[in-house]
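Enquirer: task: produce atomic coordinates for the following.
(2 chains)
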Amino acid sequence: MSELLKEKFDQGRTIDQVKKEVEHAGGRSAEMWAFGEQAAANADIDFAPFESIDEPINLLILSEEWCPDCTDGLPIVDRIAKETGKFNARVLKRDEHLELADLFLNKGLWRSIPTIIVLDDNFDALGHIAERPDEVTEKRTELRKEMHAEHPEYGGFETRPDELSEDVRAARMAAETALKATTTEWSVPAIATWIADATTGARTS
Amino acid sequence: MTGKPVPIKITYCAECGYAPQTLELTTALMNTFKSSISSITIIPWHDGAFDVRVGDDLVHAMERDGGFPKTDVVLDAVRAKLAE
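Expert: Numbers count the residues shown, from 1 in each chain, chains lettered A, B, ... in the order given. I've put the predicted structure just below:
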C-alpha cells in the first residue's frame, strides 16, 4: 500500500498548482475558490494544536475543482500549511483515481471529496477524513430549519425542491446558498480543528 | 409494458458535478422505457442533492439513502409503477 500511496503522492499537484489551474479555467469554480480562499484568510483559526507536530506530515488529498467542500477545504489546508510549515499536501483529481478513492471511502461508504489521507514517513496511511465535520453539517442544517421557520414562503424545510413551483424553488435556492455563505466565521475554524484532530496524532512530541 | 406512462423527476446538485450521473440515469430511463415514461424532469439544485422521484414515490434521496442510486433500482421502481 505504501508504494502505491507514494506513487500517488508524487503524481499530485500542490495546492498552489491547483489554485493556478482553477483561476486559469475561470467560471464558477474560480469564484468558489476565491470565496473559499478569502474565508480561510479571514477566519480565526487556532494554529496552536499544530505546534505539537514535530516533522511535516504528508497529506494526499482527493478533490475536484467543482466541489464546494473542496474549494472551502483546500484553502484552509493551504493556510495551515503556510502558517505552520507542518504539512506537505498533494492533490489528485478524485475522478481520475477512483481505485484510490475506493480505499478511503467516507464512513466506509462514499467517495466523498475532499478526502484528506494522512500519511506517515513511509507513506502508509494513518487515517483519513472526508467532506466536512459532522458538526458543520448539523449546524448548517439547524440554520436552514430556522430560516425556513422564519420564511414559510420558501415552501418549508421538509418540502422537497421538486415539489415547489419554479419561482419558489429559485428563491429558496438563492436564500439557502446565501445562508451557507454567512457560516464561514465558525465553519472555517471548525474545519481547521477537524484537520488538527486528524493530523496531530500522526507525529507529535 | 402496460400501465399509464410514469413521470420521473431527478433533482441533482448542479454545482457538485452530478451532471454525468444525472445524464447516465436519464439515458438508461429513456432507452429502457421509451414512451412508457410521460416525462423526465431534471431539476438543478444544490447542497449535495441527488433525488429521484418515480410518480409520487421518492425512490432515492442522497441525504436519506447515501450516494447515488443503482440504476437497476430506479428501473425496477419504474417497472413496478407501470405494473400498478
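Enquirer: give the residue farthest from the middle of chain A.
Expert: Distance from the centre of chain A peaks at A:Ser165, with 32.2 Å (Cα atoms, centre = their mean).
Enquirer: chain A contacts on chain B?
Expert: For chain B, the residues in contact with chain A (Cβ under 8 Å from any Cβ of the partner chain) are B:9, B:11, B:15-17, B:41, B:43, B:45-47, B:49, B:51, B:53, B:58, B:61, B:66-67. Backbone N, C-alpha and C define where each C-beta goes, glycine included.
Enquirer: just the buried ones from these?
Expert: Among those, those classed as buried by 16 or more other Cβ atoms under 10 Å in any protein chain shown are B:9, B:11, B:15-17, B:43, B:45-47, B:49, B:51, B:53, B:58, B:61.
Enquirer: which one of the residues you listed is nearest to A:Met32?
Expert: Among those, B:Glu15 lies closest to A:Met32 (Cβ to Cβ), at 7.6 Å.
Enquirer: quick check: A:Pro189 touching A:Ile45?
Expert: Yes - counting by Cβ atoms under 8 Å, A:Pro189 touches A:Ile45, with 5.6 Å between them.
Enquirer: number of nearby residues for A:Trp66?
Expert: Using other Cβ atoms under 10 Å in any protein chain shown, A:Trp66 has 20 other residues around it.
Enquirer: low-scoring pLDDT stretches of chain B, where are they?
Expert: B:1-2 (pLDDT under 70).
Enquirer: work out which residue lies at the spatial centre of it.
Expert: Central residue of chain B (Cα atoms, centre = their mean): B:Val52, at 4.0 Å.
Enquirer: may I have the helix or strand harbouring A:Thr137 as CSV, with CA atoms only?
Expert: A:Thr137 belongs to helix A:134-150 when assigned by DSSP states H and E. The C-alpha trace of helix A:134-150 is given here as CSV (Å, rounded to 0.1, in the frame of the first residue of the first chain):
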residue,chain,number,x,y,z
ASP,A,134,-20.4,16.4,11.1
GLU,A,135,-20.8,19.4,13.4
VAL,A,136,-20.7,21.8,10.4
THR,A,137,-23.3,19.7,8.6
GLU,A,138,-25.5,19.6,11.6
LYS,A,139,-25.2,23.3,12.4
ARG,A,140,-25.9,24.3,8.8
THR,A,141,-29.0,22.1,8.8
GLU,A,142,-30.3,23.8,12.0
LEU,A,143,-29.7,27.2,10.5
ARG,A,144,-31.7,26.2,7.4
LYS,A,145,-34.5,24.9,9.6
GLU,A,146,-34.6,28.3,11.4
MET,A,147,-34.6,30.2,8.1
HIS,A,148,-37.5,28.1,6.8
ALA,A,149,-39.4,28.7,10.0
GLU,A,150,-39.0,32.4,9.6
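Enquirer: buried ones in the very next helix or strand once past that helix?
Expert: Where DSSP H and E defines the elements, the next helix or strand beyond helix A:134-150 is helix A:166-181. For helix A:166-181, the neighbour count (16+ other Cβ under 10 Å) marks A:Arg169, A:Ala171, A:Arg172, A:Met173, A:Ala175, A:Glu176, A:Lys180 as buried.
Enquirer: residues in contact with the fourth one?
Expert: Spelled out, it's A:Met173. A:Pro161, B:Trp45, B:His46 (Cβ atoms under 8 Å, 6 or more residues apart in numbering or on different chains).
Enquirer: how about A:Val22?
Expert: Per Cβ under 8 Å, 6+ apart, neighbours of A:Val22: A:Ser29, A:Ala30, A:Trp33, A:Glu65, A:Thr71.
Enquirer: now the closest residue to the fourth one other than its chain neighbours: which helix or strand?
Expert: What sits nearest to A:Glu65 in space, not counting adjacent residues and going by Cβ to Cβ, 6 or more residues apart in numbering or on different chains, is A:Ser29, at 4.4 Å. Assigned by DSSP H and E, A:Ser29 belongs to helix A:27-42.
Enquirer: quick one: the helices in chain B?
Expert: Along chain B, counting by DSSP state H, helices occupy B:19-33, B:62-65, B:71-82.
Enquirer: before we move on, the earlier item: which of A:Pro189 and A:Ile45 has more neighbours?
Expert: Higher neighbour count among A:Pro189 and A:Ile45: A:Ile45, with 21 against 15, using other Cβ under 10 Å.
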